[in-house]
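Peer 1: build me a model:
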Amino acid sequence: MHVIIVGGGKIGSTLAEELSAEKHDVIIIEIDQVKCEELSKTLSATILHGSGTDIELLEEAEIGKADIVAALTSKEEINLMVCLLAKNIKHCKTVARIKNPEYKKIFKRLGVDVILSPEVAAASFLEEVLTKPEVVDLAFITRGDAVVLEFAIKKDTKVIGREIKELEYPKGSLIIAIYEKNKLIIPNPKTKIKEGDKVLIITRKEIINKVRKLFS
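Peer 2: Predicted coordinates for the structure are as follows:
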């Protein structure tokens with residue numbers, strides 16, 4: 001498949017890595033030049049610098065032969081515009097990330113095929129994990145080939161005080177939420193992990209032990 005991903009953040013880069021590993025043709029469009037340089041060093045995907053709403057850049061990304069266009073930036077209006085442009089240029093499958101679940105019906109009505117809301121998904125995972133009475137320090141939910149793990153951060157955990165962007169957690173894993181003093185937080189790269197936090201991670205089954213080691 002030929003896949004265009006707009007937004008090279010953690011979600012976009014993780015998706016690109018997974019698709020590239022499966023030998024799909026992946027192109028990432030990212031507006032931040034520094035992030036583009038970082039992505040080019042870690043991914044085998046093609047990285048293009050610019051806006052996903054730039055028609056000339058979309059043509060450079062060969063949108064004419066795209067099977068999927070995934071708009072995964074943090075800005076919903078950009079994601080919607082990218083999907084509408086993709087539908088107009090080529091009637092391919094479109095994916096959009098939203099933060100506000102109230103926008104789901106609007107995006108659907110406008111023709112977006114798949115709508116992702118990591119924030120809502122994280123909250124749902126977290127609620128399921130925390131309502132299990134047997135959970136103490138670690139819980140997991142199986143989702144096909146993926147597993148969701150929760151780690152309670154104790155005073156001797158080596159990740160305390162470190163920002164998420166500093167953590168060298170295994171490829172194929174992603175921190176999707178932090179539960180801090182009964183409050184759900186959707187982390188960003190500068191979020192620091194503190195004693196008493198509960199960190200929720202989605203990971204591939206085969207690297208569970210590596211992830212556990214990081215938070216032990």
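Peer 1: burial check on residue 209, number of neighbours?
Peer 2: For residue 209, the neighbour count with other Cβ atoms under 10 Å is 8. C-beta coordinates here come from the backbone N, C-alpha and C atoms, glycine included.
Peer 1: so residue 2 makes contact with residue 64?
Peer 2: No: Residue 2 is beyond contact range of residue 64, at 9.3 Å (criterion: Cβ atoms under 8 Å).
Peer 1: what about the two, which has more around it?
Peer 2: Neighbour tally, residue 2 and residue 64, criterion other Cβ under 10 Å: the higher count belongs to residue 2, 17 against 11.
Peer 1: now do the same contact list for that one.
Peer 2: 24, 25, 27, 62, 65, 66, 67, 68 (Cβ atoms under 8 Å, 6 or more residues apart in numbering).
Peer 1: just residue 50 next, same as before
Peer 2: Contacts of residue 50 by Cβ under 8 Å, 6+ apart are 29, 31, 57.
Peer 1: one more time with 6 Å, if that's ok
Peer 2: Residue 50 is in contact with residue 57, counting by Cβ atoms under 6 Å, 6 or more residues apart in numbering.
Peer 1: tell me what the closest residue in space to residue 161 that isn't next to it in sequence is bridged to.
Peer 2: Nearest residue to residue 161 in three dimensions, chain neighbours excluded: residue 192, at 6.2 Å (Cβ to Cβ, 6 or more residues apart in numbering). Bridge pairing for residue 192 (DSSP bridges) gives the partners residue 163.
Peer 1: what's the answer for the one 10 residues further on, then?
Peer 2: Under the criterion DSSP bridges, residue 202 forms beta bridges with residue 148, residue 174.
Peer 1: roughly how far does it sit from residue 176?
Peer 2: 5 Å (Cβ to Cβ, to the nearest Å).
Peer 1: residue 23: how many residues sit nearby?
Peer 2: Using other Cβ under 10 Å, the number of residues around residue 23 comes to 9.
Peer 1: gap between it and residue 168?
Peer 2: 26 Å.
Peer 1: same check, this time on residue 113
Peer 2: In terms of Cβ to Cβ, residue 113 sits 35 Å off from residue 168.
Peer 1: compare these two (neighbour count), which wins?
Peer 2: Higher neighbour count among residue 113 and residue 168: residue 113, with 16 against 8, using other Cβ under 10 Å.
Peer 1: whichever strand or helix holds residue 3 pairs with which strands?
Peer 2: Applying DSSP states H and E as the criterion places residue 3 in strand 2-6. As defined by DSSP bridges, the strand partners of strand 2-6 come to strand 25-30 (parallel), strand 68-71 (parallel).
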